[in-house]
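Engineer: quick one, what's the 3D model for this:
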Amino acid sequence: MLQSLSSLPSGSAPAPIFRVDIPLLPESAVGNALQFIDLLRGANLLAGLRLGAHAPRLAWRLLDAEGRPLPPLPGPLAAYTPAPAPAAASARPRADDPAHAVFIPAIHATDIPAIREVAGRHRALSRQLGMALDMGQTLLTVGSGAWLAAYSGRLNGRRASLPWFYIAGFERDFPAIGHSLGQDWSEDGPWLSCALPQSVNLLAIALVRHALGNELGAACESVMAPDHPRARAALQANAQQHIPATRDSTLARAIAWMEANLDQPYSLPRLAEAASVSPRTLLRHFQQELSQSPLDYLHGLRCARARVMLEVTLESVPSIATACGYADPAAFRRIFARYTGMAPSEYRQRHTLRAPRRRWRLEVK
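Structural biologist: This next block holds a predicted model:
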């Protein structure tokens, strides 16, 4: 297991850097690599927002098939070739600095025999991957890139995630390597793999947890992985949303009214009137369908809004309490802790996506 860079001493020392090498073959799916770099860039932005100039950073290096650094790319692609400039010049990684991880994109090939042919032509890269694993580096692969990793001979007994249409051929070639069936991605020791490009974000999140620590990993997960309930809460926090007329049931009407009136005091008679039923009938519906009372459900909606506001605004806890329908900040803190397992201030410290006011700068033009 890699030591998290966020656990290293900071002081006045340069920000620590975790570097990923990305070898590109003529047959590589270069889009996988560019997508992965975009995710690393996003992780660096979050790290800087949360920890400032001394935040640990992720760096990357694009290599050719022989392991030589690629020359700078032109135009808009220039940002993908060099690693981002660190806070201190002395922290800039040198070309001969060892990497901490290696990312292997998928191989563009028409079928499994073509993948075998490509992997066979690049056994030198597979040997380099074996040496990287011997040095304790992490290996990340996308789809058919697993062939290059498996030819290293260091992954017997491990498991990988592959597209379903490659599993039979891969198993014939590497019977000592298992499969993480039904999983979009898997982690087995030093090997992180995903079946399809749509799961590259999950590889990046896992790498951030390894490299920058669990808290920054959780922050990346909140913005890099789909979270439909949070998206709904964000919409409700931003504006009072019109509920489509097709949602026409007792529960739907009640929930729509609660979502549109989260900041209003709770009133069971008023809620029942909005749902066009009696209070007793409304309580029965909630208990039968959701196994909770309308008030418990409302607390969940309010806490979802509070989470979003704690993450993306600098509003005070009392102001957030009011926006979420709690006149008493102490009651809000108590309920929020019951639903999330931590106080609002602790939640903000762990999950904020905004820089604190003390790091704001006034740009004079």
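
Engineer: can you give me the distance of the closest residue to Pro23 other than its chain neighbours to Ser161?
Structural biologist: Distance criterion CB to CB, 6 or more residues apart in numbering; nearest residue to Pro23, sequence neighbours excluded, is Leu63 at 4.4 Å. In this view, the C-beta of every residue, glycine as well, is placed from N, C-alpha and C. Leu63 sits 24 Å away from Ser161, taking CB to CB, to the nearest Å as the criterion.

Engineer: try Ala195
Structural biologist: 5 Å.

Engineer: which neighbours do these two have in common?
Structural biologist: Residues touching both Ala195 and Ser161 by CB atoms under 8 Å, 6 or more residues apart in numbering: Gln183, Asp184, Trp185.

Engineer: residues in contact with the residue nearest to Pro23?
Structural biologist: Asp21, Ile22, Pro23, Leu24, Pro69, Leu70.

Engineer: 10 Å instead, please
Structural biologist: Counting by CB atoms under 10 Å, 6 or more residues apart in numbering, Leu63 touches Asp21, Ile22, Pro23, Leu24, Leu25, Pro69, Leu70, Ala99, Val102, Leu125, Gln128.

Engineer: so, low pLDDT: which residues of the stretch 51-200 of the chain?
Structural biologist: Applying pLDDT under 70 to the stretch 51-200 of the chain flags residues 82-97.

Engineer: between Ala195 and Ser161, which is the more surrounded one?
Structural biologist: Neighbours were counted for Ala195 and for Ser161 using other CB atoms under 10 Å; Ser161 has more, 28 against 25.

Engineer: wait, that one touches His179, no?
Structural biologist: Yes. Ser161 is within contact range of His179, at 7.5 Å (criterion: CB atoms under 10 Å).

Engineer: quick check: neighbours shared by those two?
Structural biologist: Common contacts of Ser161 and His179 (CB under 10 Å, 6+ apart): Ile167, Ser186, Ser193, Ala195.

Engineer: do you know how far the first one is from Leu125?
Structural biologist: Computed with CB to CB, the distance linking Ile167 and Leu125 is 23 Å.

Engineer: re the thing from before, list the beta-bridge partners for the residue nearest to Pro23.
Structural biologist: Going by DSSP bridges, Leu63 is paired in beta bridges with Pro23, Pro69.

Engineer: quick one: it from Leu129, how far?
Structural biologist: Per CB to CB, Leu63 is found 12 Å from Leu129.

Engineer: pull up the overlap in contacts between those two.
Structural biologist: Here Leu63 and Leu129 have Asp21, Pro23, Val102 as joint contacts, going by CB under 10 Å, 6+ apart.

Engineer: and whichever helix in the chain runs longest, what other elements does it pack with?
Structural biologist: Taking DSSP state H as the criterion, the chain has its longest helix at helix 30-51. When contacts are defined as 3 or more CB pairs under 10 Å, 6 or more residues apart in numbering; DSSP states H and E, helix 30-51 sits against strand 17-23, strand 57-63, strand 101-104, strand 138-142, helix 200-212, helix 214-224, helix 344-351.

Engineer: looking at the ones you listed, which is closest to Asp38?
Structural biologist: Minimum separation from Asp38 across those (CB to CB) falls at helix 200-212, 8.9 Å.

Engineer: could you give the angle of the closest one to strand 17-23?
Structural biologist: 140 degrees (axes from the mean of the first three to the mean of the last three CA atoms, to 10 degrees).

Engineer: burial measure for the nearest residue to Phe18 once chain neighbours are set aside, as a count.
Structural biologist: Once flanking residues are discounted, Phe18 sits nearest to Ala211: 3.9 Å by CB to CB, 6+ apart. For Ala211, the tally of surrounding residues (other CB under 10 Å) stands at 28.

Engineer: these two touch, right, Ala211 and Pro56?
Structural biologist: Yes. In this structure Ala211 lies within contact range of Pro56 using CB under 10 Å: 7.1 Å.

Engineer: the stretch 51-200 of the chain: helices as residue ranges?
Structural biologist: 112-121, 123-134, 146-150, 164-173, 200-212 (DSSP state H, counting those that start in this stretch).

Engineer: now those as JSON lines including distance to Leu49?
Structural biologist: Output for the helices of the stretch 51-200 of the chain, formatted as JSON lines (distance: least, CB to CB, whole Å):
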{"stretch": "helix 112-121", "distance to Leu49": "40"}
{"stretch": "helix 123-134", "distance to Leu49": "31"}
{"stretch": "helix 146-150", "distance to Leu49": "34"}
{"stretch": "helix 164-173", "distance to Leu49": "39"}
{"stretch": "helix 200-212", "distance to Leu49": "13"}
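
Engineer: ranking those helices by burial, who's on top?
Structural biologist: Of these, the one with the most neighbours on average (mean count of other CB atoms under 10 Å) is helix 146-150, at a mean of 26.

Engineer: look up how far Leu202 lies from the residue positioned nearest the centre of the chain.
Structural biologist: Centroid-nearest residue in the chain: Glu221, 2.7 Å away (criterion: CA atoms, centre = their mean). Distance, Glu221 to Leu202, using CB to CB: 9 Å.

Engineer: one more: Pro226?
Structural biologist: In terms of CB to CB, Pro226 sits 11 Å off from Leu202.

Engineer: with Ala78 instead?
Structural biologist: Applying CB to CB, the value for Ala78 to Leu202 is 28 Å.

Engineer: next: Pro69.
Structural biologist: Taking CB to CB as the measure, Pro69 falls 27 Å from Leu202.

Engineer: gap between the two ends of stretch 150-164?
Structural biologist: Distance across stretch 150-164, first residue to last, is 17 Å (CA to CA, to the nearest Å).

Engineer: please identify the buried residues of it?
Structural biologist: By 16 or more other CB atoms under 10 Å, the buried positions in stretch 150-164 come out as Ala150, Tyr151, Ser152, Arg154, Leu155, Arg158, Arg159, Ala160, Ser161, Leu162.
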